[in-house]
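> Make a model of this:
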Amino acid sequence: MIILFDATFIRNEKYTGIERYILNLLESFQNIKLPFSLYVAIRKSLPTSAVQRIKHLNLIEIDSTNRLLIDQYYIPRLFYRIKADLIHYPVFGLSPLLFNKCILTIHDVTFWRYPDLISLGAKLYYKPLLPFAIRYCKKIITVSESSKDEIVFFFGSEVGAKTVKIYEALDNEFKNLVNKINKSININEYDYILTVGTIEPRKNLATYIKAFEILKTIHNIKHKLVLTGRTGWIKEMSIPKSLKNEIVFTGYVSDSELAILYKNAALYIFPSLYEGFGFPLLEALASKIPVIASKTSSLIEIGENSCLYANPLDTNEWVTLSIKLLEDEKLRNDLINEGVKVIDKYDWNKIAGETMEVYINHSVKI
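Residues are numbered from 1 along each chain as shown. The predicted structure follows:
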């Protein structure tokens, strides 16, 4: 059997959760004996650091930066050239020519749950294609029980019956970095509250910024707010003038810088409206800092008893819980200890093995 894996979503070293999913899964495939031939389509411009992590796989370069051409021309042509039996799309990237020959990973159903919070390109290109791919694909992998429930809600029990939940895990490279860092560096010589993620509406940063304004003006906390991540399809946010010098946008940072930011934060905030899994939650827990997350989607499922949870749109609740964690040292330590237990539950080698079983059990002969 021949499997093609489309890893062309990775285009640079600015990794978000999806890129980390792809890299860690492929890296872990190298640690198990695969009873089939696996070929991986990558962009010719794939960073050297990423290539090094998956260099023992059969990598095939695609010399294009055009998403439409990659999806609809280069990937189908490659599929038939290598006489593949099955293709795994780890995100989006769908060709109607391959709908009934694919395994599809659906990380979340943001397109349908929050259609106003997606980019114009996603609305015009990906969203119209996905329902057909979901209907005709051989199997769907999703990354949490919450996401599986959402898939059933929007697409029905028939689609749910072919959907398999396979959790994700902490990025291997990040785990190594954070374990080497001692919590002794004070970033820019001040204490801060941290949040990490692509700057886009779904991340709900505006709500916590309102809460942070109350924390500064009424509760007089000394902390700043550090927002870390690359910009999404919105390029700027509205910040109250009173907070101009209290909120720091770092932009995208390297993993080594990110590990330091996590390790030295007083508190991690995860105010997202919706998450299919939520890599930053595990990153914060691994960094042994207390977390407040949204009481929504997969975050309670993944975080369990290691976090406090707030209504994502309730500003006062974010304020109350922030004060509680900043002042209650015992609660902070209890949550940190619970976080260690959560991290140990998720393992990429196990995930790779479960994914391999999906390939084997749902292969199709052309």
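
> can you map out the strands along the chain?
2-6, 37-43, 58-62, 86-89, 102-106, 139-142, 163-165, 192-196, 224-228, 247-251, 267-270, 291-294, 308-310 (DSSP state E).

> And those strands, which one averages the lowest pLDDT?
Least confidently modelled of the strands of the chain is strand 247-251, at a mean of 88 by mean pLDDT.

> Which strands or helices does that one pack on?
Strand 247-251 makes packing contacts with strand 224-228 when contacts are defined by 3 or more C-beta pairs under 8 Å, 6 or more residues apart in numbering; DSSP states H and E. The C-beta positions use only the backbone N, C-alpha and C, and glycine is treated the same way.

> on that earlier part again, okay, the strands of the chain, which one's buried deepest?
By mean neighbour count, with neighbours taken as mean count of other C-beta atoms under 10 Å, strand 291-294 ranks first of the strands of the chain at a mean of 27.

> what does it rub up against?
204, 267-273, 275, 278, 281, 284-285, 299-300, 303, 306-312, 318, 321-322, 325, 335, 339 (C-beta atoms under 8 Å, 6 or more residues apart in numbering).

> So among the residues you listed, which ones count as buried?
Buried subset of those (neighbour count, 16 or more other C-beta atoms under 10 Å): 204, 267-273, 275, 278, 281, 284-285, 299, 303, 306-310, 312, 318, 321-322, 325, 335, 339.

> that older thread, can you redo the strands of the chain as TSV with distance to F29?
Below are those laid out as TSV (distance: least, C-beta to C-beta, whole Å):
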stretch	distance to F29
strand 2-6	8
strand 37-43	6
strand 58-62	11
strand 86-89	11
strand 102-106	14
strand 139-142	14
strand 163-165	17
strand 192-196	27
strand 224-228	30
strand 247-251	32
strand 267-270	29
strand 291-294	30
strand 308-310	34
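
> So which residue of the chain lies furthest out from the middle?
Most distant from the centre of the chain: I218, at 34.2 Å, with distances by C-alpha atoms, centre = their mean.

> Please report phi then psi for it.
Backbone torsions for I218, taken as degrees, to the nearest 10, come to phi -100, psi -40.

> how far away is it from L261?
26 Å (C-beta to C-beta, to the nearest Å).

> Could you report the pLDDT at I234?
46.

> Please work out which residues outside stretch 34-48 touch it.
With C-beta under 8 Å, 6+ apart, stretch 34-48 has contacts from 1-8, 10-13, 26, 29, 51, 54, 57-65, 70, 74-75, 78, 82, 84, 356, 359-360, 363.

> Now a PyMOL select for only the buried ones of those.
Selection of buried members from the contacts of stretch 34-48 for PyMOL, criterion 16+ other C-beta under 10 Å:
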select buried, resi 2+3+4+5+6+7+8+10+26+29+54+57+59+60+62+70+74+75+78+82+84+356+359+363
